[in-house]
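*Asks:* sequence and predicted structure, then a few things I'm wondering about:
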Amino acid sequence: MMDDLTTLSAAAAGRLIAAGALSPVDLVEAFLARIEVVDGQVKSYLLVMADAARAAARQAEQEIAAGKWRGPLHGIPYAVKDNYFTKGVRTCAGSRLLLDHVPDFNATAIDRLTEAGAILLGKLNTWEFGTGTGGVHFDLPFEPARNPWNLGHFTGGSSTGAGASVAARTAMFALGSDTGGSVRLPAAACGLQGIKPSFGLVSRYGILPNCWSLDAAGPLCWTAEDCALVLDAIAGHDPADPTCVDRRPVPYARGIGAGVQGEVIGIVRAIDMNGIGADEAVAAGVAHVAATLEALGARIVEITLPSPLSAYRRVTSLINWTESLSIHERDFVERGDQMGQALRDKMMSGFTVRAVDYVAALRVRRELADTMDRLLRTVDALLLPCAFHTAPPFADPTAVTAFTSHTATSVFNATGHPAMSLCCGFDADGLPLSAQLAGNWFDEATLLRIAHAYEQATPWRATRPTISVQGVTT
Amino acid sequence: MSKLTWTVADIAAFAAANDVMWLSPTHLDRFVERANETAAAGRAVPRMASRFVEPAHVFQARPTRGS
């Protein structure tokens, strides 16, 4: 019974809690018990806040009993990537440089989820400082998170624990951060739905910065509806983040079931990163999404991106390397030898970027954004691959780097448009396949509605990974 | 267009001038690899034909729908 509660979506659990049919205390206990059983293998958490979560669950139960229901996330347990600042709780971003770092304030997104009644279970595994170069070198103070679909396989990065936790059911949803795909790629590898919102929709205040020009905060969830509920809670203007747009929030969950009849969806079939295209199974998965949506009443049109993927990657890499070094320059200069190789490599790149190349990249970025916007205005959404491969084994380091490199994710960090990873089935080895939906600026609602329609028409959300613990499958 | 390439001696001198003192020989070799990849990436960024195209200093996405 207790373990079954972890298979609920956040939306379903929220409805049960609102109806008085589920206790937040029982729900939190179910997740803490599952963390205890499986996380020694999955390694999704760097720190579990069991006592605080139990206290918050009791408070939620009392508030709801007193008629003070805060909304659909009231009593829902979640976790955050360890680059989100948590007041009084260690936030080390997976780095030995920050092992003693205890912030004195919360990230805005956490405060907003607390206001919505959600219950923070703990801090999740991540690549060091939420960044890197795509490789995993096993040289950080914490072991890498493992993919719940196959514990010998990579989770995608950099929000490694966020992907692992929701798939392993050690959190009901998770918050990650995405500079070049770090929400969407772990979601893709772990069979989740993950959304990078429009640049400026969600406050990054209190999230350890990686690259000011490209960073976005977003949720990784089991369902599109869960993503919508989380966005409903965290989106909106925050004067503490100068890039956060001051506009009235759109309700994301309301209307998510309205279907896709008449929607125009542009499918991008011909796509490659420096000659490497999507695996056959991934391409078939994307085509399956298109066929399913067409059967549901959408109109599918063939689209070509305005620029090759390498153009977006080149620009985002230069911007990312430079700004990241600017953020971490002192650490690199004084103790770069204590960084893991992936972060140190990135800092080395930033150290030798010419200023004129960085500015040239920022100029091209504006043009890439404008040309993509003109294309997106002709459709309701784009459909294209997300990760070109399924999650590779850790034992193949070249494939691990390729998983992060051969993607169509950085496109939408460059242009600022919303984009989400959508699970579209499984390959012959049972590893998740992914597609990507991208939309017009601040039109996350359309992406979530399309993703929800696809989920409802397909069986993929009925399959959860199982994890074997001492010979017992759980 | 820049023809910049880095050698171990270049990087060692550049790093020392910027107070990076912890580099081992392995670090230096890696630094050279990364620096040359970075130089190539910089060269590959196209230049704007017009002087009036400004950089996206602080990028702001503009609402186009549903607002």
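*Replies:* Done, it's in.
*Asks:* ok, the closest residue to A:Arg146 other than its chain neighbours - contacts?
*Replies:* In this structure, A:Arg146 finds its nearest non-sequential neighbour in A:Val42, 5.3 Å apart by C-beta to C-beta, 6 or more residues apart in numbering or on different chains. Quick note: C-beta positions are derived from backbone N, CA and C, even for glycine. With contact taken as C-beta atoms under 8 Å, 6 or more residues apart in numbering or on different chains, A:Val42 is in contact with A:Ala145, A:Arg146, A:Pro148, A:Leu151, A:Ala164, A:Ser165, A:Ala168, A:Thr170, A:Ile467.
*Asks:* now do A:Leu99
*Replies:* A:Leu99 sits in contact with A:Arg90, A:Cys92, A:Pro141, where contact means C-beta under 8 Å, 6+ apart.
*Asks:* for it, give its distance to A:Leu140.
*Replies:* 11 Å (C-beta to C-beta, to the nearest Å).
*Asks:* name the SS class of A:Lys123, please.
*Replies:* strand (DSSP: H, G, I helix; E, B strand; the rest coil).
*Asks:* what's the local residue count around it?
*Replies:* 25 (other C-beta atoms under 10 Å in any protein chain shown).
*Asks:* scan chain B for its longest helix.
*Replies:* helix B:25-44 (DSSP state H).
*Asks:* can you give me the buried ones in that one?
*Replies:* B:27-28, B:30-32, B:34-39, B:41-42 (16 or more other C-beta atoms under 10 Å in any protein chain shown).
*Asks:* next: stretch A:336-349.
*Replies:* A:Gly336, A:Met339, A:Gly340, A:Gln341, A:Ala342, A:Leu343, A:Arg344, A:Asp345, A:Lys346, A:Met347, A:Met348, A:Ser349.
*Asks:* is that stretch anywhere near chain B?
*Replies:* Yes. Counting by C-beta under 8 Å from any C-beta of the partner chain, chain B is contacted by stretch A:336-349 at A:Gly336, A:Asp337, A:Gln341, A:Arg344, A:Asp345, A:Met348, A:Ser349.
*Asks:* possible to save those residues as TSV with secondary structure and pLDDT?
*Replies:* As requested, those are arranged in TSV below (DSSP: H, G, I helix; E, B strand; the rest coil; pLDDT from 0 to 100):
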residue	secondary structure	pLDDT
A:Gly336	helix	98
A:Asp337	helix	98
A:Gln341	helix	97
A:Arg344	helix	98
A:Asp345	helix	97
A:Met348	helix	98
A:Ser349	helix	98
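*Asks:* quick check: the farthest pair among those?
*Replies:* A:Asp337 and A:Ser349 (16.7 Å; C-beta to C-beta).
*Asks:* just the local confidence number for the closest residue to A:Pro385 other than its chain neighbours, please.
*Replies:* Nearest residue to A:Pro385, sequence neighbours excluded (C-beta to C-beta, 6+ apart): A:Ala278, at 4.2 Å. With respect to pLDDT, A:Ala278 scores 97.
*Asks:* again with A:Val469
*Replies:* Value for A:Val469, per-residue pLDDT: 87.
*Asks:* which residues does A:Asp429 contact?
*Replies:* A:Asn150, A:Thr390.
*Asks:* quick check: A:Ala233 vs A:Thr108, distance?
*Replies:* 11 Å.
*Asks:* okay, buried residues for the helix or strand A:Asn320 falls within please.
*Replies:* Assigned by DSSP states H and E, A:Asn320 belongs to helix A:309-335. Buried residues in helix A:309-335, counting neighbours by 16+ other C-beta under 10 Å, are found at A:309, A:311-325, A:327-328, A:331-333.
*Asks:* same question, stretch A:364-381
*Replies:* A:364-369, A:372-373, A:375-376, A:379-381.
*Asks:* now do stretch A:274-288
*Replies:* In stretch A:274-288, counting by 16+ other C-beta under 10 Å, buried: A:Ala278, A:Asp279, A:Ala281, A:Val282, A:Ala283, A:Gly285, A:Val286, A:Ala287, A:His288.
*Asks:* out of those residues, list just those in helices.
*Replies:* Short answer: these in helices (DSSP H) are A:Ala281, A:Val282, A:Ala283, A:Gly285, A:Val286, A:Ala287, A:His288.
*Asks:* which residues touch the closest residue to the last one other than its chain neighbours?
*Replies:* Read it as A:His288. Ranked by C-beta to C-beta, 6+ apart and with sequence neighbours excluded, the top spatial neighbour of A:His288 is A:Cys424, at 5.9 Å. Neighbouring residues of A:Cys424 by C-beta under 8 Å, 6+ apart: A:Gly285, A:Val286, A:His288, A:Val289, A:Leu433, A:Ser434, A:Ala435, A:Tyr454, A:Thr458, A:Trp460.
*Asks:* of these, just the buried ones, ChimeraX syntax please.
*Replies:* Per 16+ other C-beta under 10 Å, the buried members of the contacts of A:Cys424 correspond to this ChimeraX selection:
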select /A:285,286,288,289,433,434,435,454,460
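*Asks:* still on that earlier bit, I'd like the contacts of A:Val42 as JSON lines, with secondary structure appended.
*Replies:* Formatted as JSON lines, those follow (three-state DSSP):
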{"residue": "A:Ala145", "secondary structure": "coil"}
{"residue": "A:Arg146", "secondary structure": "coil"}
{"residue": "A:Pro148", "secondary structure": "coil"}
{"residue": "A:Leu151", "secondary structure": "coil"}
{"residue": "A:Ala164", "secondary structure": "helix"}
{"residue": "A:Ser165", "secondary structure": "helix"}
{"residue": "A:Ala168", "secondary structure": "helix"}
{"residue": "A:Thr170", "secondary structure": "coil"}
{"residue": "A:Ile467", "secondary structure": "coil"}
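*Asks:* just those residues: which has the poorest pLDDT?
*Replies:* A:Ile467 (95).
*Asks:* just give the nearest non-adjacent residue to it, would you?
*Replies:* Using C-beta to C-beta, 6+ apart, the closest residue to A:Ile467 is A:Val38 (4.9 Å).
*Asks:* determine the number of other residues adjacent to the one you found.
*Replies:* 24.
*Asks:* double-check that it belongs to a strand.
*Replies:* No. A:Val38 is assigned helix when assessed by three-state DSSP, not a strand.
*Asks:* got the contact list for it?
*Replies:* Contacts of A:Val38 (C-beta under 8 Å, 6+ apart): A:Ala168, A:Thr170, A:Ile467, A:Val469, A:Thr474.
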